[in-house]
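J.: predicted model and sequence follow; I will ask about them next.
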Amino acid sequence: MNAMKTVPVVYILFICISLLLSGCWDRKEINRLGIVMMSAIDVDEDGGIIGTVQIPLPSGGGAENGKGTADKGFYTISAKGKNINDMMQHLQERSSRELFVSHRRVLLIGESLAERGLKDVLDYYTRDPDSRLRTYVFIVRGRKAGELLDISIPSEQVPGTAIMELAKSKIATGSKLGNIVTEMATDGIVPTIDVLEVRPTSVLKESKGNSDSTFRLNGSAVIKDYKLVGFLNIEKMRGLLWIRDMLNKGVVTTQVPGEEGEVSFDVVGASRKIRFILQRHDVKVNIFLEAEGPVYENDTNLDLRDPLHIKKVEEALSNAIKTRVEQTIEIVQMELRADILGIGQELYRTHPRKWNELSEKWEDIFPEIEISVNAKVTVRRSGVIGAPLHIKEDELK
Amino acid sequence: MQPSNSSADESQSSQQIFLDSNLVVNERCLQQMFLHCSDVVFRKFRIHGKNDAILVFVDGLVDNQRIDQMILKPLMYDNRSALAREDLVLFIKEQIVAVGQAKTTSDLDVVVAGVLSGETAIIMDRTTTALILDVKGWMMRNVEEPSSESVIRGPREGFNENIRTNTSLLRRKIKSPKLKLESLKIGDTSNTEIVIAYLEGIAKESLVQEVRERLKQIEIDCVLESGYIEEFIEDAPYSPFPTVQNTERPDVVAANLQEGRVAIMLDNTPFALIVPITFWGGLIANEDYYERYWVGSVIRFIRFGALLVTLFLPAVYVALTTYHQEMIPTSLLLSIAASRDPVPFPAIVEALIMEITFEGLREAGLRLPRQVGQAVSIVGALVIGQAAVQAGIVSAAMVIVVAITGIASFTIPNFSLGISLRILRFPFIFLAGILGLYGVTVGVMITLIHLCSLRSFGISYLAPIAPMKLSSWKDIFVRAPWWKMNLRPELITGSKASVRIPKGQKPDPEEGEGKG
């Protein structure tokens, strides 16, 4: 009887001891954390690395903030280090709160660091369990990446959120850490990283420092062998989006032959097909693009209720897209000489045998292969009006 | 247990005291028994001026007017010739007193028991037989709507403290001789009447037998509420989960009887017990069956959600904010961090403070007089809702979590299950505070294992989910329309499910016309 009673007591004691003595060892109260929303890394002249982190001020978002919101809703700290881990440790020395990087969604890399090479950088950010592979990566052109962290965006408490939303908005390639490392490790594709630069908030006035500056998406950077080798401007980046079948949103504006004024077309749905014609020593590539959507701006005198006019507009738009994409391909093949289009990867997927033949020399073959583009646009709607309302009937076509 | 009980019976029977033929002896004997019982009345009178007799009753338990009109008046005044008859008692019983329930006995104990339960005894000189007449009449509460289980749609009557009223409420719902109401008495001093109600042929005989046996084994001095009985007959006395359901609604009892369950009703309490029950039964309200099935089904999903919220929300909140901040959406994390910024306590302490305050408030509001209770709730709302947040003692996020948990816990229709879930939430908060989500998961596993091991009168507590009985799922997560609930729940009524509602009764206008 006695033994039967003591056994459960002993068990309970064991459970309590094991819970209470070992428990709570990695407890982190939420208000003791410095939540890193965005990091930036730059090259240091001494060969090390300068890291900057952006941490939101906790009182910024509360319901009872009677303190006034004139101040920035965040602060930044930066530190130097031999490598990133070292730098993070020095950053921690400057912060009262434990730096918490699990919520970091944006990583900015300085242009000069990207030119030096990203091999070590990527290792840390992919090895560290707290860092997310879904972090959006940007290369900051023309400035130190850390400087961009000090720019406040009035609409967001933390600028990191603003940049993340930009990356998500589908007008950029939205290059994530995970995708970049995967593409680096894959044959037949060369990764690109979106580029940010600092610009005045308005095109109407001159910038006077950080207070009225903002970031701007400006094309893509091509990373070949872990190094920055060149840039695509924003126009060419759109072409890249077309070819990589990543285009979901966009506007094509073009002139219709024989008409005055321009027509703008909103891309709502776009698709891409790549067909290969195999040849003895290389391949020929046909890229078929299809896009559909409404016309939301028509500055010509065309009455878009007329199917013949729609045809005309569609043709003009198709040509515009074709030209744009061909220009991109030209730059990629002639100047960058890197397969950021993923043609090699597509070839591997569709014709693995041919790819095996070519993969060794793909770097040399790619700039030489013949790539032709076909575009087909379908205009679905013309807004709420057919003909422009302000045009007299006899001027309409 | 059993042998000692029977031996007690034997010893009692050996000490049985019979009535003496001398009235004086009988009277003295009774006077001795009811010494200092100021409520017991001895009324001496003469039957038609000849036979000495004595009327014994407890004042307040009998209907005085009926005693006067139906018993005393005919016995004292109405002139009858054949009073010297041998079978005087029988004659009186059959021809003189106009009382519905009358019995004769020569056992003094029966007389005493009858008097104590509100009956009136007439003991006459020169006979060893006493006449016991039922002219009960005492003050009792009306049949009212039960405040613990109110409904929008459905009968508004509830049990009261009188077992006869309660059985009559039940009988009015089930007018069938199959409704059996077995009676027994428990309690050495309270002698509480207990009624086992079941439907013959629908409730398993083995189940009824089990209930009888468990009840008979109880040895207790006094039973004031069905809770006393519940603790003696429940299957898992150490479990926080109730394995016996209680209700004060006759319609709930009637519905459960129809499904083959057994109800135990007690005198002096409006709460009847129902066995066997399952965990899911605690999440089912009687109104689910009264409203259209869509309503009942949708509300059940809300209740299942509320069950999870009640048990886990505070624990998950504590776990996420102290261990797994990476799992909280960024903007939510920022607002929680902002609201927690001035709070000096760790999240687990904060959660415990708030949850205990909430439970305290609930209890205070319950026990205090209604007017004061309102004041308490206002103070509580202001103190914990406003002041504590503004003073930076607790965070607004925690107040929201506690409030949602509170609301969720009140959506569980079965009060006993609700309260046990509310208590269980505290260990979960501890586990979350010590081990994070891992602790919560361990807690869930332990709880599930425990739930799986529970039985209520032979029925698995989680049935029909575990063990799985798909045919009974019509009435767990959703409430199937009545014309689809063709069979009685198999687990309760036995291996062969009996037909309850014949098939093919789905209303269909076209079909109806075709058939004429």
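T.: Received, thanks. Keep in mind the model is a prediction, meaning the values are calculated, not measured. Numbers count the residues shown, from 1 in each chain, chains lettered A, B, ... in the order given.
J.: any idea how the chain splits into domains?
T.: No chain was given, so I picked chain A. Per automatic domain parsing, the domain ranges recorded for chain A read A:31-57+A:71-232, A:233-397.
J.: my bad, the chain I had in mind was chain B
T.: If you go by automatic domain parsing, chain B breaks into B:17-133, B:163-277, B:298-460, B:481-516.
J.: so which of those domains is nearest chain A?
T.: Chain A lies closest to domain B:298-460 among those, at 3.3 Å (C-beta to the nearest C-beta). (Glycine included, C-beta is placed from N, CA and C.)
J.: how about the domains of chain B, which one is nearest residue A:21?
T.: Across those, residue A:21 has its closest neighbour in domain B:298-460 (10.3 Å, C-beta to C-beta).
J.: any part of the closest one near chain A?
T.: Yes - applying C-beta under 8 Å from any C-beta of the partner chain, one finds domain B:298-460 touching chain A at B:321-323, B:325-326, B:330-331, B:333-341, B:343, B:346-347, B:390, B:396, B:433-435.
J.: mind giving me the ChimeraX command for buried ones among these?
T.: Paste this into ChimeraX to select the buried members of the residues of domain B:298-460 next to chain A, with burial taken from 16 or more other C-beta atoms under 10 Å in any protein chain shown:
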select /B:321,322,323,325,330,333,334,335,336,337,338,339,340,341,343,346,347,396,433,434,435
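J.: which one is whichever residue of the stretch 51-200 of chain A sits closest to chain B nearest to, not counting chain neighbours?
T.: For the stretch 51-200 of chain A and chain B, the shortest gap (C-beta to the nearest C-beta) falls at residue A:102, measuring 3.3 Å. The shortest distance from residue A:102 to any non-neighbouring residue, by C-beta to C-beta, 6 or more residues apart in numbering or on different chains, is to residue B:326 (3.3 Å).
J.: got it, and residue B:281?
T.: Once flanking residues are discounted, residue B:281 sits nearest to residue B:245: 6.3 Å by C-beta to C-beta, 6+ apart.
J.: surely residue A:381 is in a strand?
T.: Yes - under DSSP: H, G, I helix; E, B strand; the rest coil, residue A:381 falls within a strand.
J.: quickly find the element holding the residue in the stretch 201-350 of chain A that chain B sits nearest to.
T.: Relative to chain B, the nearest point of the stretch 201-350 of chain A is residue A:215 (18.7 Å; C-beta to the nearest C-beta). Assigned by DSSP states H and E, residue A:215 falls within strand A:213-224.
J.: in that strand, what's buried?
T.: For strand A:213-224, burial by neighbour count (16+ other C-beta under 10 Å) applies to A:213-215, A:217-224.
J.: does the helix ranked longest in chain B pack against any helices or strands, and if so which?
T.: Longest helix of chain B, by residue count under DSSP state H: helix B:293-322. Packing partners of helix B:293-322 (3 or more C-beta pairs under 8 Å, 6 or more residues apart in numbering or on different chains; DSSP states H and E): helix B:287-290, helix B:347-367, helix B:396-410, helix B:415-435, helix B:437-453.
J.: possible to save these as CSV with distance to residue B:298 and mean pLDDT?
T.: As requested, these are exported to CSV (distance: least, C-beta to C-beta, whole Å; pLDDT from 0 to 100):
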stretch, distance to residue B:298, mean pLDDT
helix B:287-290, 10, 92
helix B:347-367, 27, 88
helix B:396-410, 16, 92
helix B:415-435, 20, 91
helix B:437-453, 25, 93
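J.: so can I have a markdown table of the ones you listed showing distance to residue B:39?
T.: As requested, these are exported to a markdown table (distance: least, C-beta to C-beta, whole Å):
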| stretch | distance to residue B:39 |
| --- | --- |
| helix B:287-290 | 43 |
| helix B:347-367 | 31 |
| helix B:396-410 | 43 |
| helix B:415-435 | 36 |
| helix B:437-453 | 49 |
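J.: out of everything not next to it in sequence, what's closest to the spatially most central residue of chain A?
T.: Centroid-nearest residue in chain A, with C-alpha atoms, centre = their mean: residue A:174, separated by 2.3 Å. With sequence-adjacent residues excluded and distances taken as C-beta to C-beta, 6+ apart, residue A:174 is closest to residue A:167, at 4.8 Å.
J.: got the contact list for the residue nearest to residue B:433 when sequence neighbours are not counted?
T.: Once flanking residues are discounted, residue B:433 sits nearest to residue B:348: 2.9 Å by C-beta to C-beta, 6+ apart. Taking C-beta atoms under 8 Å, 6 or more residues apart in numbering or on different chains, we find residue B:348 in contact with B:318, B:322, B:429-430, B:432-434.
J.: of the residues you listed, closest to residue B:470?
T.: residue B:432 (34.6 Å).
J.: that closest one: how many residues sit nearby?
T.: Neighbour count of residue B:432, defined by other C-beta atoms under 10 Å in any protein chain shown: 29.
J.: try the one 10 residues further on
T.: Residue neighbour count, defined by other C-beta under 10 Å, stands at 13 for residue B:442.
J.: how about residue B:404?
T.: 16.
J.: cool, residue A:318 as well?
T.: 22.
J.: okay, the nearest residue to residue A:341 once chain neighbours are set aside: pLDDT?
T.: Excluding its sequence neighbours, the residue lying closest to residue A:341 (C-beta to C-beta, 6+ apart) is residue A:243, at 4.8 Å. Per-residue pLDDT puts residue A:243 at 91.
J.: quick one: residue A:243 from residue A:328, how far?
T.: 7 Å (C-beta to C-beta, to the nearest Å).
J.: same question for residue B:260.
T.: 76 Å.
J.: phi, psi of residue B:275?
T.: Dihedral pair for residue B:275: phi -130, psi 150, per degrees, to the nearest 10.
J.: just to revisit the earlier point, isn't the residue of the stretch 201-350 of chain A closest to chain B right up against residue A:196?
T.: Yes - Residue A:215 lies in contact with residue A:196 (C-beta atoms under 8 Å); the separation is 4.9 Å.
J.: any residues in contact with both of those two?
T.: A:148, A:163.
J.: which of the three states applies to the residue of the stretch 51-200 of chain A closest to chain B?
T.: Three-state call for residue A:102 (three-state DSSP): coil.
J.: show me the helices in chain A, by range?
T.: For chain A, applying DSSP H gives helices covering A:2-22, A:84-93, A:111-116, A:119-127, A:145-148, A:159-168, A:177-185, A:234-243, A:307-331, A:343-350, A:352-358, A:362-365.
J.: looking at those, which is buried most?
T.: helix A:145-148 (a mean of 24; mean count of other C-beta atoms under 10 Å in any protein chain shown).
J.: please name every helix or strand in contact with that helix.
T.: With contacts defined as 3+ C-beta pairs under 8 Å, 6+ apart, helix A:145-148 has these neighbours: strand A:38-43, strand A:49-56, strand A:106-110, strand A:136-140, strand A:192-200.
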